[in-house]
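Colleague: Below is the sequence, then the predicted model.
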Amino acid sequence: MAESTLPTTGEELDVKHEFLATATEESQVTLCDPELGVYVDTLRGIAKECLETGNKEYRQGEANNAINSYTEGLQVNCKDKRLNAKLYSNRAAAHFHLGNYQECLDDAAVAVQLEPTLIKAIKKGGFSGIIHQNSFYDFVKSEQCGSRQDTSPQVSMISAVFISAIKEPVLVSSFPCIKKQEAGFIWDWPDASLGCGYQDQGQFKTAIGYHQRHLEIAKEVGDKAGEGESYGNLGIAYIGLGQFKTAIGYHQRHLEIAKEVGDKAGEGKSYANLGIAYIGLGQFKTAIGYHQRHLEIAKEVGDKAGEGRSYANLGCAYQGLGQFKTAIGYHQRDLEIAKEVGDKAGEGGSYVNLGNAHGGEGKFRKAIEYYERNLKIAIEVGDKVGEEASYCNLGEVHRCLGLLKTATRYHHLALEIAKEVGDKVGVGRSFCLLGSIRLNQREFKAAIEGYERQLEIAKEVGDKTGEACSLCLLGEGFECLGNVLKAFVCFQSSVEVYDDIRASLQLNDQWKICYRDQHQTAYKGLWRTHLQEGNVVEALLAAEKGRAQSLRDLMDIRYQPGDSSTNSPSNNTFLSAVPSSTVFMAINGPCVYLWVILSNNNIKMRKVHVNSFKYEDDLKIFIEHLNNTALEEIGAKINVRCENPSLDSPKREAMASDGIPINVLYSKSRALQKLYEIIVTPIAELIEGRELTFVPEGPFCLVPFAPLEDSK
């Protein structure tokens, strides 16, 4: 999700009108014949128009169209060497941002041959020479050792100049036509670009060293824009390391400088990267605000690629809230723009995000298609970070489909790359996901070790969502081992962290409920372990916490925060306010849990295992079928539909051996009788009088309770 550097200004294009110099300059054509002069001026005018058209398209993020315009200008065969040099230089810049490094290198070499003072051509060509054909590390290593033997014109003229700038500022002797201040500029530039190069390869710590050097030089020479760029690059590198709070500090500084110097594009990038960092901290509402601001600026300046990245980042933020359909809409828009502007890396990122969103909906086979498309692109362009993410995602969806050997292979590949590039967050994620495979294989101790490694890293880098997730998984691991006390502590800690994140969503009740629903495993684990310890009342209170939170959120919207809605009643106060003969219902795994309030100090619980089901989805689908049939039996219109989970949605098996077995196989008749047997029969001996109040959950919310008064 890191912000790209595709410019929206002329910063990386040669757009100054230097080619309007007098005809006495050596770079201009000498006109002798008046008629020939008219013809040459016409060709020159056509080429100039193509150059300006290409520059405009490039600023709008339409790199492919820009390349076509620059090519048309060159095909005019104008004799103005300076103008042709600019066409080659700018086409090189467009190729660079599309990842066409060989084409960039070739065009830059021609540009420098025509006009040796084109600094931007030297910059782009030199960097392309280094990363061409994924040879970034080998190139740098060979140059540092003095072992490189490639003497092609491109490498010798551009890449060697670039490397010499890294070693020592001797460009003046190599290229006497370059002024001293220009040589200093090139000496400054490699630190920033090498940093970005190492960053793209996932070597974030090495990248930080170069960015720090670039920052020092920018401050030394008073380059305010360069200083801001350095802060932005440092922030991106720290995001890569998972150190989100540190990253936010750098991006805030970049934002301040961008506003100070009037750099609208830099301001937009700062907003985007701040949003990404806040997503890492689980503060999704704040992230959405930043990404919407970036989207506004991208549209304002005509930055098509930036607009696409805004849609991608908004999709990721909504995804974090569990609003997957909204997220998919944003990611689809991002994919369309990436294809439109020819952004291969952006296209790959769109596939990852679409895979994640579909996976969140349980559509794992659809997710696999998107992840495989991204893996192909990541390998093609040499994106190690993207390759790691693809392996990680492919491993997780295969685990959810029960293909554990395939999943293990993918996760080990992801772990190797994460360690290689120093991606701490990626290392922790891989340990966590390998732990989940061990849990599926009933290797509980090995699973716990993986979760503990993930928890350690999440705390170190300040990843609150990762911390809550690993605590929840540790709870499941200890529960499977039979260590209920440790499981309870982990679930309790997980819920506390999730609640902290949830609180940051402020008054948006829909976001809060979506977020809680997405992470309900921790809440269920908490009340489930209460029951295993024999704490019936505490389990009920924990199960009801989410429903109470939702009501409190709605009251906060209606009334000012700080009213009675903010004070949580004590357990005794809550129970005393509940009338007797009230039945609270909850679902966990294939079982229905029924708490019957008989009096303030007398609460009974019944656990019902329906039809020997193994999974929660099976139970929910069964109850939905019974609801629909029961409504038909009583002549009610069915206005509400509950979508069935996907056929390849994740399955969670629960321990149900201690529940009351109820077998009520589905049929097209007597649905009300079957619902009575599930809901009323298990608690019939506890009921006093003829009145019952039900507080249902999930599919039980659509049960027609009134007809259940009669067992027949």
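Modeller: Ah, there it is. All values derive from a computational prediction rather than experimental measurement. Numbering: from 1, shown residues only.
Colleague: how about low-confidence regions in the stretch 1-150 of the chain?
Modeller: 1-40, 117-150 (pLDDT under 70).
Colleague: Who's the closest spatial neighbour of G346, skipping the chain neighbours?
Modeller: Excluding the flanking residues, the one nearest G346 by C-beta to C-beta, 6 or more residues apart in numbering is A338, at 3.7 Å. Where you see a C-beta, it was placed from the backbone N, CA and C, and this is true even at glycine.
Colleague: residues near that neighbour, how many?
Modeller: By the measure other C-beta atoms under 10 Å, the count of residues near A338 is 25.
Colleague: Which strand or helix spans it?
Modeller: helix 324-341 (DSSP states H and E).
Colleague: Past that helix, which element shows up next along the chain?
Modeller: Following helix 324-341 in sequence, per DSSP H and E, is helix 344-360.
Colleague: Tell me the helices and strands packed up against that following helix.
Modeller: Secondary-structure packing of helix 344-360 (3 or more C-beta pairs under 8 Å, 6 or more residues apart in numbering; DSSP states H and E): helix 304-320, helix 324-341, helix 364-381, helix 384-400.
Colleague: List every C-alpha atom in the first one, with coordinates, as PDB.
Modeller: The C-alpha atoms that make up helix 304-320 are tabulated as PDB, following Å, rounded to 0.1, in the frame of the first residue of the first chain:
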ATOM      1  CA  LYS A 304      -5.100   9.300 -12.100                       C
ATOM      2  CA  ALA A 305      -2.600   6.800 -10.500                       C
ATOM      3  CA  GLY A 306      -2.900   8.600  -7.200                       C
ATOM      4  CA  GLU A 307      -6.700   8.400  -7.500                       C
ATOM      5  CA  GLY A 308      -6.400   4.600  -7.900                       C
ATOM      6  CA  ARG A 309      -4.200   4.300  -4.900                       C
ATOM      7  CA  SER A 310      -6.700   6.300  -2.800                       C
ATOM      8  CA  TYR A 311      -9.400   3.800  -3.800                       C
ATOM      9  CA  ALA A 312      -7.100   0.900  -2.900                       C
ATOM     10  CA  ASN A 313      -6.300   2.400   0.500                       C
ATOM     11  CA  LEU A 314     -10.000   3.200   1.300                       C
ATOM     12  CA  GLY A 315     -10.800  -0.400   0.400                       C
ATOM     13  CA  CYS A 316      -8.200  -1.700   2.900                       C
ATOM     14  CA  ALA A 317      -9.600   0.600   5.600                       C
ATOM     15  CA  TYR A 318     -13.200  -0.600   5.100                       C
ATOM     16  CA  GLN A 319     -11.900  -4.200   4.900                       C
ATOM     17  CA  GLY A 320     -10.400  -3.700   8.400                       C
END
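Colleague: Can we start the residue count at 28 from this point?
Modeller: Understood, numbering begins at 28; the last thing we discussed is helix 331-347.
Colleague: Could you list every helix and strand in contact with that helix?
Modeller: Applying 3+ C-beta pairs under 8 Å, 6+ apart, we find helix 331-347 packed against helix 291-307, helix 311-328, helix 351-368, helix 371-387.
Colleague: how far out from the middle of the chain is stretch 397-412?
Modeller: On the basis of C-alpha atoms, centre = their mean, to the nearest Å, stretch 397-412 is displaced by 16 Å from the centre of the chain it belongs to.
Colleague: where's the residue nearest to G373 relative to C496, distance?
Modeller: 29 Å (C-beta to C-beta, to the nearest Å).
Colleague: Ranking helices and strands of the chain by mean pLDDT, which lands last?
Modeller: Counting by mean pLDDT, DSSP states H and E, the weakest-scoring helix or strand in the chain turns out to be helix 198-201, with a mean of 36.
Colleague: Let me know the pLDDT of the spatially most central residue of the chain.
Modeller: Centroid-nearest residue in the chain: C343, 4.7 Å away (criterion: C-alpha atoms, centre = their mean). On pLDDT, C343 comes in at 88.
Colleague: got a list of what it touches?
Modeller: 28, 303, 306, 354, 380, 383 (C-beta atoms under 8 Å, 6 or more residues apart in numbering).
Colleague: Repeat that for N91.
Modeller: 121, 125, 368-369.
Colleague: if we go to 6 Å?
Modeller: N91 makes contact with G369, according to C-beta atoms under 6 Å, 6 or more residues apart in numbering.
Colleague: Can you tell me the element it falls in?
Modeller: helix 90-102.
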